[in-house]
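# Quick check, what structure comes out for this input:
(chains A and B)
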Amino acid sequence: MTRISRAGLVTGLTAVVLLLVPPGQAFAQCAAPDYRGGRALPSGACPTETAGMASAVVWIVLVLAALAWLALAKQRRRTTTEADLALVDAGFAAGPGQEGEEGEAGSDVPSRTGQPRMPRS
Amino acid sequence: MTSPDSVVPSPPPRPPDPFRRPWHIALGIALVLSAAFATAQVLYWAAPEITSPLPWMRIYLLPQPPALRLTRVLLYSGWGVALVLAAVLYGATRAGRVRVVRVCRAAILTVLLLPYAVMALDTLAGAPLTALLCLATSAVALLAVHRVQLYLRLPARLTLLAFAWGALVGSGFAIVMSMWFGWYAGGYLLDFERPRGSIRTLLALFALNADFFSEVGKAAGVALVLLVFRRYVDGVVSGLVLGAASGIGLNLTETVRYMAEIEPGQPAAQFWTRQVVGLLTVHAVFSGLAGAGFGAALRAGPGRGRVSLCLSGLLAAFGGHLLFDTLMPLLDRRRRDLFSGAETLGVLVGVPLVTLIAAGPFVVLCLLLLRRGLRDQAAVLRAALPVETASGTGAVTPAEGGLLLSPGRRLLLELAVWRRDGTAGLRHLIRLQQAQLRLLHDPLPHRSDEVRQLKGLPPLSPNPTLPIDQGVSS
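Numbering: from 1, shown residues only, chains lettered A, B, ... in the order given. The predicted model follows:
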């Protein structure tokens, strides 16, 4: 499991725990969903545990979907992206002051992986 | 090198700097908030005494919380300190002491505005776990709002600054003004002989007061950030993003307040309503509209059009918020009728449905403004690209121009650079591309050198005005 996936799982479980603790009544009085900033009037029965579960599910799904997309995008290689990478590297390689990992300057000297690299700060 | 016979399109015209006196505008904003607080205080002192046999009337006789007393002390002290600093500022301005002038101006704004954060901090500190949970969800929303800037992007610290304003000063100001109204309005508006008859008027005016001052509180921060950092602002998109960030911040504090103080018996329902369904559809949208108006005004020419744009944005925000708060109780009654006997569906489907009906048009308006702003940016960049590539500075090559105008390609490139070079490489790439986009959008002389520095190329001008960036290729 990658670090990103682990982080997502921990986040989701934490959200679930925080929302479900302490346990609420099954049918507490729900407030009208307004945003006045003052006291809202009660407006009928409301299953708060359902609201908590729904919130947790929505956020977990969103976070996991984003992490899955990130993981897939990082692994997938596209021709266009490779070309853009080479383009950006060429733009930096044209500069006289580039410092590679080996401490050598100039665009003709490849990095350890054989590819010109962006400068690292 | 370009052929001398080729026709090089002229660069797009740059709008003049519209705010020649930003300090006066910033001070004016701070004074408006102070005047509102002072007016509410005076109304409270002058309000008729509330006497009623009805037990529920005691909500108008609650004692002031310690946080409000502290806010009052800090504000009164701040007004005194501001007066003293104003005298120092006057002397420093006449003497031409720039550093002292800057420090005085910053200090005046701080003592006038920061006390409002006490109320918000009291709310957040009273429920730290809830605040942390809401902070996590708000951070995701903030990231999404920041990344909708497909081309020119504000520095992340400005988005965070607007968020912090909304969460602390904006929400604190809104809470304080709502509290004041709750204390003095009953004395002026209630019919003590028949209080139930006037309670409807009181509740309506309470909503109007709360909505107005929450929008003013959020918009004040957006205006200040836009003024101070206007060199980064491109127009509607920047303003909309800052406004949305401020709204997300206020929504965070309001959610914690509702979950921990106002409706502590149903925190999950409040979280569902405010941090899931309403996270990007209520406060963020309304203050986004105000921010869009301010951003457009920043790019407009001098004159009454600029004031109209600001007022239009503010009116849209306040009007939308008031309409939303007016519609929600009516729609909620329909929701209860529709889902009676199916309370679970009433929460899962009914709450999003009523929110969509009440706030949907404003969400659509925001999205249309965003789309228009992004299209305008893209058009300016496309028009400026051949001019810049023909200039021969090397800051933007034709191939790089195609990459810059494609947000999708840039996103995939960012991921590729992140995978290969880590966070440092990604930050450097983003900095370079943002500098290139700013050069295309506003071709100021020093921007070419800035881009060349980031690429590791020597500057073109003999005496570069930019300090050497320590993070550049070293």
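# what's around residue B:90, how many residues?
Per other Cβ atoms under 10 Å in any protein chain shown, the neighbour tally for residue B:90 reads 12. Quick note: C-beta positions are derived from backbone N, CA and C, even for glycine.
# Repeat that for residue B:70.
Neighbour number of residue B:70 under other Cβ under 10 Å is 15.
# Helices of the stretch 101-250 of chain B, start to end?
Under the criterion DSSP state H, counting those that start in this stretch, the stretch 101-250 of chain B contains helices at B:117-126, B:128-147, B:156-165, B:171-189, B:195-228, B:236-257.
# could you give the angle of the third one to helix B:236-257?
With axes from the mean of the first three to the mean of the last three Cα atoms, to 10 degrees as the criterion, the two stretches helix B:156-165 and helix B:236-257 enclose an angle of 40 degrees.
# Same question for the longest one.
Orientation of helix B:195-228 against helix B:236-257 (the same axes, to 10 degrees) gives an angle of 140 degrees.
# how about helix B:195-228: buried residues?
Neighbour-count burial for helix B:195-228, counted by 16 or more other Cβ atoms under 10 Å in any protein chain shown, picks out B:195, B:199, B:202, B:206-228.
# cool, and the fourth one?
Residues of helix B:171-189 classed as buried by neighbour count (16+ other Cβ under 10 Å): B:171-187.
# was I right about residue B:350 contacting residue B:339?
Yes - with contact defined as Cβ atoms under 8 Å, residue B:350 and residue B:339 form a contacting pair (5.0 Å).
# quick one: pLDDT of the residue of the stretch 251-400 of chain B found nearest chain A?
Relative to chain A, the nearest point of the stretch 251-400 of chain B is residue B:268 (3.4 Å; Cβ to the nearest Cβ). pLDDT for residue B:268: 90.
# any idea how far the helix or strand hosting it is from the chain center?
Assigned by DSSP states H and E, residue B:268 belongs to helix B:267-271. On the basis of Cα atoms, centre = their mean, to the nearest Å, the separation between the geometric centre of helix B:267-271 and that of its chain is 25 Å.
# re earlier: any chance of the helices of the stretch 101-250 of chain B in TSV, with mean pLDDT too?
Below are these laid out as TSV (pLDDT from 0 to 100):
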stretch	mean pLDDT
helix B:117-126	95
helix B:128-147	96
helix B:156-165	96
helix B:171-189	89
helix B:195-228	89
helix B:236-257	96
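# and chain A, what are its domains?
What automatic domain parsing lists as the domains of chain A is A:3-75, A:78-121.
# weakest of those domains in terms of mean pLDDT?
Comparing mean pLDDT across these, the weakest is domain A:78-121, with a mean of 58.
# From the buried residues of helix B:171-189, list the ones also adjacent to chain A.
B:174, B:175, B:178, B:182 (Cβ under 8 Å from any Cβ of the partner chain).
# And what about residue B:83, helix, strand or coil?
Following DSSP: H, G, I helix; E, B strand; the rest coil, residue B:83 is assigned to helix.
# Right, and chain A sits closest to which residue of the stretch 101-250 of chain B?
Using Cβ to the nearest Cβ, residue B:210 is the residue of the stretch 101-250 of chain B that sits closest to chain A, at 4.4 Å.
# interface residues of the stretch 351-474 of chain B facing chain A?
Near chain A, when you scan the stretch 351-474 of chain B using Cβ under 8 Å from any Cβ, you find B:351, B:354-355, B:394, B:397, B:399-400, B:403, B:409, B:412-413, B:415-422, B:424-425, B:427-429, B:432, B:455-458, B:470-474.
# Give me the domain ranges for chain B.
Using automatic domain parsing, chain B is parsed into the domains B:117-378, B:392-455.
# which one of the ones you listed has the most crowded surroundings?
Highest mean neighbour count among the domains of chain B (mean count of other Cβ atoms under 10 Å in any protein chain shown): domain B:117-378, with a mean of 21.
# Just give me how far it sits from the chain centre.
That offset, for domain B:117-378, works out to 10 Å (Cα atoms, centre = their mean).
# got the end-to-end distance for that domain?
One end of domain B:117-378 sits 39 Å from the other (Cα to Cα, to the nearest Å).
# do stretch B:287-296 and chain A meet?
No - between stretch B:287-296 and chain A, judged by Cβ under 8 Å from any Cβ, nothing touches; the nearest distance is 12.0 Å.
# Mind listing residues that contact that stretch?
Stretch B:287-296 is contacted from outside by B:166, B:215, B:218-219, B:222-223, B:226, B:233-244, B:246-247, B:250, B:309-314, B:316-317, B:320, B:362, B:365-366, B:369, B:373, using Cβ atoms under 8 Å, 6 or more residues apart in numbering or on different chains.
# Contacts only, for residue B:410.
Residue B:410 is in contact with B:403, B:404, B:433, counting by Cβ under 8 Å, 6+ apart.
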